[in-house]
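Asks: Dropping the sequence and predicted coords here.
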Amino acid sequence: MEKLTMEQISNYCKQYGFIYPGSEIYGGFANTWDFGPLGSRMINNIKDCWRKRFVGQRDNSYEIDCGIIMNPKVWEASGHAKSFNDPQVDCKECKKRYRADNLISSVSPDVNPDLMTYEEMNKYIKENIKCPSCGKSNFTDLREFDLMFKTYRGTISDQKTEIYLRPETCQGEYINFQNVLRTAREKLPFTIAQVGKSFRNEVTPGNFLFRTIEFEQMELQIFCKPGEDEAIFNFNKKQSMKFLTDLGVNPENLRFKDHDKLVFYASAATDIQYNFPTGWDELWGIHNRTNYDLTQHSKFSGKDLSYLDSETNEKYIPYILETAAGVGRMMLVFLCDALKKETLEDGSIRDVLKLHPALAPYKVAILPLIKKVHSEKAKEVYNKLNNYFMCTMDDSSSIGKRYRRQDAIGTPFCITIDDTTLENNKVTIRDRDTMEQIILNIDDIPYYVIEKTMF
Ligand code: ATP
């Protein structure tokens, strides 16, 4: 089957109420998006699955929820205040702006900008690259582009303090390391998890949900004894990949990609990449950050963030293993992977969103066969099932059209209420993927659906 383009996917999302362009009635606002009724449900389902797997089902894993705005010293310690930037060039002819590394890798796929310094990138672009938009070769010098959004605290102008919207969630976990260690009465290794918004003033945001200026991240920071880090890194690599394949992503569209150049403090870094409509790109980063973060925060805060091992009496700064994925980017992966155009036996084509049922916005659609005759009973079934899982009811147009709509939004089960239901309390329940139908007693539906939609 032909791969759908990013534009087709974004149009589809808008049509069905998953995702709308941000501030649309004002002509939009570049690379911001609003999640509609179905998109919000799906986003929450992704986060629920992640929490269940990485917090609920893991020993010694604790979720926290930190502020978006933190003491600016946090960003001095992390290094962001000084050097969180991307390289940018502009085409002087058509004024198009590019992130220099992305420009090089898209125009010269055999060249790896990760291995270049900014000076080398600048030289390479000037000598080898033509603007993909206008075809000319007349770029500005490469400049560093500050990725942090700044704002101010305080009301009196000369006493205002510059503060930042966090560009990553993980610093909140680092600065709360000792709070969680103490209040959870933990020992190493243990994990602090967080799901929350981050903000980056990206040079060239774009590609629908792939790169936005405001996005949510789901992160684990695993604190451990030096020497235990490598095994934990490898375990988490496998578990992150398994999470995606357990949720139905085709393994052929996923791969690990080790970083060619490590940041100076890291000892290992790999990305899980997905084969997006625009090509292979990062979805999930897994990093061994060594003891860098806690060392920095010890230095800048003046607090001792070392750990005293009560069994061996050793004192050391823990190592940190990190797994970080974007929620919106992951939603895009699930959508790209699940959206299919299927040709049926009679030659007709259906759009079907073959999401893992745990991710589907609605688990069940209740469809009265004839509105006037069966709606009352359908409402009764709807009210009952809504206590267990998200349901929707649709009594408009032909039953065939209603099935198609539910297929297109990924609803795993459709329940038809007809004369038989009125007679004996039995319903027909149709499976989205096989389109097979079985008869069930109304009282048996909750257990049947819960079992089949659980993650
Ligand atoms: P990239 O190379 O794509 O800019 P990164 O390596 O800077 O990403 P991290 O800082 O490791 O990303 O963030 C972890 C995850 O957060 C990424 O793998 C991605 O899923 C998500 N993410 C990062 N930046 C964005 C963004 N601008 N929009 C949406 N998701 C993002």
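Replies: Cool, got the structure. Residues are numbered from 1 along each chain as shown.
Asks: okay, CA-based contacts and neighbour counts for the rest of this
Replies: Fine.
Asks: Could you give the backbone dihedrals for the most centrally placed residue in the chain?
Replies: The centre of the chain sits closest to residue 327, judged by CA atoms, centre = their mean, with a distance of 1.9 Å. Dihedral angles of residue 327 (phi, psi; degrees, to the nearest 10) stand at phi -70, psi -50.
Asks: Same question for the one 4 residues further on.
Replies: Per-residue torsions, residue 331: phi -60, psi -40 (degrees, to the nearest 10).
Asks: Is the closest residue to it other than its chain neighbours part of a helix or strand, or is it coil?
Replies: Once flanking residues are discounted, residue 331 sits nearest to residue 43: 6.8 Å by CA to CA, 6 or more residues apart in numbering. Residue 43 falls in the helix class when you classify it by DSSP: H, G, I helix; E, B strand; the rest coil.
Asks: wait, what's in contact with residue 43?
Replies: Contacts for residue 43 (CA atoms under 8 Å, 6 or more residues apart in numbering) come out as 327-328, 331.
Asks: Could you look up the SS state of the residue of the stretch 351-455 of the chain found nearest the ligand?
Replies: Using CA to the nearest ligand atom, the closest approach of the stretch 351-455 of the chain to the ligand is made by residue 359 at 17.9 Å. At residue 359 the chain is in coil, as set by three-state DSSP.
Asks: what's the neighbour count on it?
Replies: Residue 359: 27 surrounding residues under other CA atoms under 10 Å.
Asks: That one contacts residue 42, correct?
Replies: Yes: taking CA atoms under 8 Å as the definition, residue 359 is a contact partner of residue 42 at 5.7 Å.
Asks: Sketch out the helices for the stretch 201-350 of the chain, chain order is fine.
Replies: Taking DSSP state H, counting those that start in this stretch as the test, the helices found in the stretch 201-350 of the chain are 229-246, 292-301, 327-338.
Asks: closest to residue 265 out of those helices?
Replies: Among the helices of the stretch 201-350 of the chain, the nearest to residue 265 by CA to CA is helix 292-301 (6.1 Å).
Asks: Buried residues of the closest one, list them for me.
Replies: Of the residues in helix 292-301, 292-298 count as buried by neighbour count, 16 or more other CA atoms under 10 Å.
Asks: ok, and what's touching that helix?
Replies: With CA under 8 Å, 6+ apart as the contact definition, helix 292-301 has outside contacts at 73-74, 76-78, 174-175, 265, 303-306, 317-320.
Asks: Considering those, which possesses the most neighbours?
Replies: Using other CA under 10 Å as the neighbour test, the contacts of helix 292-301 are led by residue 320, with 28 neighbours.
Asks: hang on, that residue packs against residue 227?
Replies: No: look at residue 320 against residue 227 with CA under 8 Å: they stay out of range, at 11.3 Å.
Asks: any shared contact partners between the two?
Replies: Residues touching both residue 320 and residue 227 by CA under 8 Å, 6+ apart: none at all.
Asks: Give me the neighbour count for the spatially closest residue to residue 55 that is not a sequence neighbour.
Replies: Once flanking residues are discounted, residue 55 sits nearest to residue 61: 5.1 Å by CA to CA, 6+ apart. Using other CA under 10 Å, residue 61 has 20 neighbouring residues.
Asks: bridging residues for residue 61?
Replies: Following DSSP bridges, residue 61 is listed with bridge partners residue 191.
Asks: Now for residue 33: which residues touch it?
Replies: Neighbouring residues of residue 33 by CA under 8 Å, 6+ apart: 19-22, 209.
Asks: Tell me the residues of the stretch 51-200 of the chain that contact the ligand?
Replies: The stretch 51-200 of the chain comes close to the ligand at residues residue 200, as judged by CA under 6 Å from any ligand atom.
Asks: Pick out the residue in the stretch 51-200 of the chain sitting closest to the ligand.
Replies: Closest point on the stretch 51-200 of the chain to the ligand, by CA to the nearest ligand atom, is residue 200, at 6.0 Å.
Asks: ok, how many other residues are close to the residue in the stretch 101-250 of the chain positioned nearest to the ligand?
Replies: Checking the stretch 101-250 of the chain residue by residue against the ligand with CA to the nearest ligand atom singles out residue 211 as nearest, at 3.5 Å. Residue 211: 18 surrounding residues under other CA under 10 Å.
Asks: bridging residues for it?
Replies: As for beta bridges, residue 211 partners with residue 206 under DSSP bridges.
Asks: now the strands for the stretch 301-450 of the chain?
Replies: 307-308, 315-316, 319-326, 339-343, 349-353, 364-368, 391-393, 413-417, 426-431, 437-441 (DSSP state E, counting those that start in this stretch).
Asks: need those in a markdown table with mean pLDDT and distance to residue 136, can you?
Replies: As requested, these are arranged in a markdown table below (pLDDT from 0 to 100; distance: least, CA to CA, whole Å):
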| stretch | mean pLDDT | distance to residue 136 |
| --- | --- | --- |
| strand 307-308 | 96 | 57 |
| strand 315-316 | 96 | 56 |
| strand 319-326 | 98 | 35 |
| strand 339-343 | 93 | 38 |
| strand 349-353 | 94 | 41 |
| strand 364-368 | 98 | 54 |
| strand 391-393 | 97 | 54 |
| strand 413-417 | 97 | 54 |
| strand 426-431 | 96 | 54 |
| strand 437-441 | 96 | 60 |
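Asks: want to try a markdown table for these, with distance to residue 287 as columns?
Replies: Output for the strands of the stretch 301-450 of the chain, formatted as a markdown table (distance: least, CA to CA, whole Å):
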| stretch | distance to residue 287 |
| --- | --- |
| strand 307-308 | 21 |
| strand 315-316 | 20 |
| strand 319-326 | 5 |
| strand 339-343 | 31 |
| strand 349-353 | 33 |
| strand 364-368 | 39 |
| strand 391-393 | 39 |
| strand 413-417 | 39 |
| strand 426-431 | 40 |
| strand 437-441 | 47 |
